[in-house]
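Undergrad: dropping a prediction and its sequence here:
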Amino acid sequence: MKKEVKVSIGGKEITMETGVIAKQANGAVLISSGDTRVLVTACMSDEPREGIDFFPLVCDYKEHTFSAGKIPGGFFKREGKPSTKEVLTSRLIDRPLRPLFPENFFNEVQVIANVYSFDSKNEPEVLAITAASAALYISQIPFTIPVGAVRVGYIDGEFVVNPAHEDKEKSLLDLVVAGTEEAIVMVEAGAKEVSNEVMVKALEFAHTHIKELVKAQKELYDMIKPEKVKVEERFIDEVLFLDVEREISDKLLDALRIKGKLKSAKAVKELKKNLVESYDEELQEDVAYIFDRIKEKLFRNYVLNEGKRLDDRAFDEIRPVSCEVSVMPRAHGSALFTRGETQALVTTTLGTFGDSQLIDGLEGEEEEKFMLHYNFPPFSVGEVRPLRGPGRREIGHGALAKRAIEPMIPAEEEFPYIIRVVSEILESNGSSSMATVCGGTLSLMDAGVPLKKPVAGIAMGLVKEGDKYAILTDIAGAEDHYGDMDFKVAGTKDGITALQMDIKIKGLTEELMAEALNQARKAIDFLLDKMTAVIPEPRKDLSPFAPRITELEISTDKIRDLIGPGGKTIKEIVDSTGVKIDIKQDGKVMVAATNEDASQKAIELIKMVTAVPEVGKVYEGVVKRIEDYGAFVEILPGKEGLLHKSEIANHFVRNVADELKLNQKVLVIVKDIDNLGRVNLSRKQLLKDEEGEGGERNSGNDNRRHRDHRPRHGNYNRDNRNYRDRNRDKDKKEE
């Protein structure tokens, strides 16, 4: 039986319904806004997976091209592996839900979000997060705290909830917030240098709408009243716990405080192994579990009660930072950024048109002209595992770093290159994505990319028990693992460009968020000072190994001439020079080459093809056709003019073929151009100029005959009268 609830968010009605479709799933919700429809299902395995100590939750988001009335591209004409957007949205669904499941729950749970209709106005991503929560909440799956999600824009000084796709370009902020009725649990944002104050107000604005979405889910829950699976808490013998704690606490704390991630991890591992083996076999599993709980307890007590971090840093202290640039000589730009035991080698490659990535999504095709790829090889954490393609983690970290830097990338008109940044993580102990932001900025500046401003990023942490809390700057791996928050902030000196937050506790208040942002602001300023001390501004010159792009402008009515019939002309220029040429509809022509000579040659050819004949200008032309009345001379590629026989020489010309030959090069001047665009040429004028300088002479390939011994036509004396009479009739006929 159909159950349905409706809620108005930002003047748009959102509907959630269940009970009609996908009824065999444990939970299924069809969420609608406008003509966008997303079906989200949730299913749970009957039994927990044995031998695991983590919650096996899988969230998948799928955009079907039929939802936008499109047929997939490619050879197979069907949806293939998940796109980058689908992977990122799958992560967006997973992140707010995972911390809200019971601690001792190990059944497999799969959430699948299918976009079945898309109206190009109401975006499906945030709808999918809310519907995923609703599908879990109305099922027997032990998920008892519903979550809502909204997208917030900041347009013309006003916050807008769930802005239309076309409005996102005008927004200074692209913020996705997920939260419960009490607090925010997940934040993902890209921004154009917004202030901390604007960001906090945006979070408060988002939370008011999230509460409405949660309220609607509770109404749906009350209609169904599902019976939830009970999850038993793991029984731990208190006496055994205290015995282990007394025996191991001091040694474990010493091991945790050993300098060096790998040394500390090795000491902790050995301590655990010796401890577990010292107990009877039937107790070993419980002892191993107790050891891990004591390790977490020691860390949290040390921070909150001792007021110290395991590496003795102050709460707002950043680990030692070093920056180097130009470390890889053949890369167009490179940097090595090291912060503590996290190290990123980041390179920049400049490409030309044709190197951009084509993205085919529901919204249509678009070109990706700035790419940032993040790689996390196993040696970065001292592990051995097979190399595979990028996983969800790599894609997510790369997308975050890209979002942080992208607002500072220059416009195409200023810097027409395709840019690819690659971050290779060489060491990792906390926040390699923010090391990628810092290293990426250095690498781009080293490559000569005129960034508007440098960008830096920092990861913040939180340890909270009741009212007592500590905000940690530049968290290491253990602080991320045992802390309550992973809060990454990136920006320039003037504002935030990216934000990502995941919470492991039930939520975070706006006041705590504001305090964490202010502490992050100081860290970003510190890092920017360190970075700009090494390279204060982008290099003025590109790498000698980078391609050069030259821009010239032609008349739009000459585009056809440059392309030529069937692309013949442009292909000939490319083949003869080896350059790349891109022609815009507005007449801008981009020439890309790694060789300066090839570039100049191509530019000259383009100028010749697109040049317009000018009256009074001298050209070296080629005779293409000979007629009785004159010759047609090509003065520019594809452009011919008529050299009438009366304009060929200073003497009378009976036969054009006696004066000129096919394919002969000849100097001519443009006499005039008529209203139909026909060009009339003269050679006679140039010959007169030569005579005035000392007599008629040959020049270059001008193979005209010298007939100084013959009388000039129209300028002979009486002694030549017989000659004139003899040829009068013939002359008149020829003329």
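TA: Perfect, I can see it now. Predicted model only: the values in this text are computed from it and were never measured. Numbering: from 1, shown residues only.

Undergrad: all strands of the stretch 201-350 of the chain, in order?
TA: 321-325, 333-339, 342-351 (DSSP state E, counting those that start in this stretch).

Undergrad: wait, I meant the stretch 401-550 of the chain
TA: Counting by DSSP E, counting those that start in this stretch, one finds strands in the stretch 401-550 of the chain at the ranges 418-427, 456-465, 468-473, 485-492, 495-503, 548-553.

Undergrad: the stretch 1-150 of the chain too?
TA: Counting by DSSP E, counting those that start in this stretch, the stretch 1-150 of the chain has strands at residues 3-9, 12-18, 27-33, 36-48, 57-63, 107-117, 148-155.

Undergrad: right, so of the ones you listed, which gets closest to residue 274?
TA: Comparing the strands of the stretch 1-150 of the chain by their distance to residue 274 (CB to CB), the top pick is strand 36-48, with 29.4 Å. Quick note: C-beta positions are derived from backbone N, CA and C, even for glycine.

Undergrad: give me the sheet partners of the closest one and which way each runs.
TA: Take DSSP bridges as the rule and strand 36-48 pairs in its sheet with strand 27-33 (antiparallel), strand 107-117 (antiparallel).

Undergrad: what does the pLDDT read for the spatially closest residue to residue 231 that is not a sequence neighbour?
TA: Leaving aside its sequence neighbours, residue 231 sits nearest to residue 102 (CB to CB, 6 or more residues apart in numbering; 4.2 Å). What the model reports as pLDDT for residue 102 is 91.

Undergrad: ok so, going back, want to throw the strands of the stretch 201-350 of the chain into CSV with mean neighbour count and mean pLDDT?
TA: What follows is those, written out as CSV (neighbours: other CB atoms under 10 Å; pLDDT from 0 to 100):
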stretch, mean neighbour count, mean pLDDT
strand 321-325, 17, 97
strand 333-339, 26, 97
strand 342-351, 24, 96
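
Undergrad: okay, and for the chain, where does confidence drop off?
TA: Scanning the chain for pLDDT under 70 picks out the ranges 74, 364, 506-507, 689-735.

Undergrad: can you report how many residues lie near the nearest residue to residue 451 once chain neighbours are set aside?
TA: In space, and not counting its chain neighbours, residue 451 is closest to residue 408: 4.8 Å by CB to CB, 6+ apart. As a burial measure, residue 408 scores 20 neighbours (other CB atoms under 10 Å).

Undergrad: what residues are up against residue 408?
TA: Going by CB atoms under 8 Å, 6 or more residues apart in numbering, residue 408 touches 441, 451-455, 492, 497.

Undergrad: of those, which is the nearest to residue 484?
TA: Each of these was checked against residue 484 using CB to CB; the closest is residue 497, at 25.0 Å.

Undergrad: tell me how many other residues crowd the closest residue to residue 290 other than its chain neighbours.
TA: Once flanking residues are discounted, residue 290 sits nearest to residue 244: 4.8 Å by CB to CB, 6+ apart. Number of residues near residue 244 (other CB under 10 Å) recorded here: 24.

Undergrad: surely residue 244 and residue 294 touch.
TA: Yes: the pair residue 244 / residue 294 is scored as a contact, 6.7 Å apart, by CB atoms under 8 Å.

Undergrad: still on that earlier bit, and the residue nearest to residue 451, how far from residue 498?
TA: Using CB to CB, to the nearest Å, we find residue 408 at a distance of 11 Å from residue 498.

Undergrad: would you list the strands paired with strand 36-48 in CSV and tack on distance to residue 604 and mean neighbour count?
TA: Listed next are those as CSV, based on distance: least, CB to CB, whole Å; neighbours: other CB atoms under 10 Å:
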stretch, distance to residue 604, mean neighbour count
strand 27-33, 57, 24
strand 107-117, 52, 21
